[in-house]
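Undergrad: A structural model of the following input is requested.
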Amino acid sequence: MITSIAHVTVYVLNQEEALDFYVNKLGFEVGEDMTVEGGFRWLTVNPKSQSQLQLVLAEPKEGPMFTKETASKIRSLIEDGAFGVGVFETDNCHKTYEELVAKGVEFIQPPTEQLYGVEALAVDNSGNWFSLVQRAK
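TA: Residues are numbered from 1 along each chain as shown. The predicted structure is shown next:
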């Protein structure tokens, strides 16, 4: 029986640049960072308060998972902003929005009242979008 989700993959254009974004702009911490045989880099990050679920920052490259064509298509979709990372929760969407804007995070929607709370939409440095949500009380 499956008991939890441990990792979710986020495809990025450059692992080192994505690492800088998620750690230095969003305040995540590095979970694991290792390079295995063949040059594959296993790089994970997570919010400091949630180490049990990690984001795998993966560059689509030709190899065991992808053909050269498929990796190229995925990179193109990333560049087009076709992927969403998910929903990141915060206790204060307006405050977190201001902090992230000050760090240079690009937002495509400022904090907006929704039925479920306050939501802002941002993009990472690869073009993946994510929601920043403060749940309604």
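Undergrad: What are the phi and psi values at residue 109?
TA: Dihedral angles of residue 109 (phi, psi; degrees, to the nearest 10) stand at phi -150, psi 130.
Undergrad: Walking through the chain, point out its helices one by one.
TA: Taking DSSP state H as the criterion, the chain contains helices spanning 15-20, 68-79, 93-102.
Undergrad: do you know which of those lies nearest residue 30?
TA: With C-beta to C-beta, the closest approach to residue 30 among the helices of the chain belongs to helix 15-20: 7.3 Å. Where C-beta positions appear, they are placed from N, C-alpha and C, glycine not excepted.
Undergrad: picking up where we left off before, can you lay out the helices of the chain as a markdown table showing mean neighbour count, distance to residue 114 and mean pLDDT?
TA: A markdown table is the format used below for these (neighbours: other C-beta atoms under 10 Å; distance: least, C-beta to C-beta, whole Å; pLDDT from 0 to 100):
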| stretch | mean neighbour count | distance to residue 114 | mean pLDDT |
| --- | --- | --- | --- |
| helix 15-20 | 16 | 28 | 98 |
| helix 68-79 | 14 | 26 | 96 |
| helix 93-102 | 16 | 10 | 98 |
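Undergrad: Show me the one of these that comes nearest residue 52.
TA: helix 15-20 (20.0 Å).
Undergrad: Just list what that closest one packs against, helices and strands only.
TA: Using 3 or more C-beta pairs under 8 Å, 6 or more residues apart in numbering; DSSP states H and E as the contact criterion, the secondary-structure elements in contact with helix 15-20 are strand 41-46, strand 54-58.
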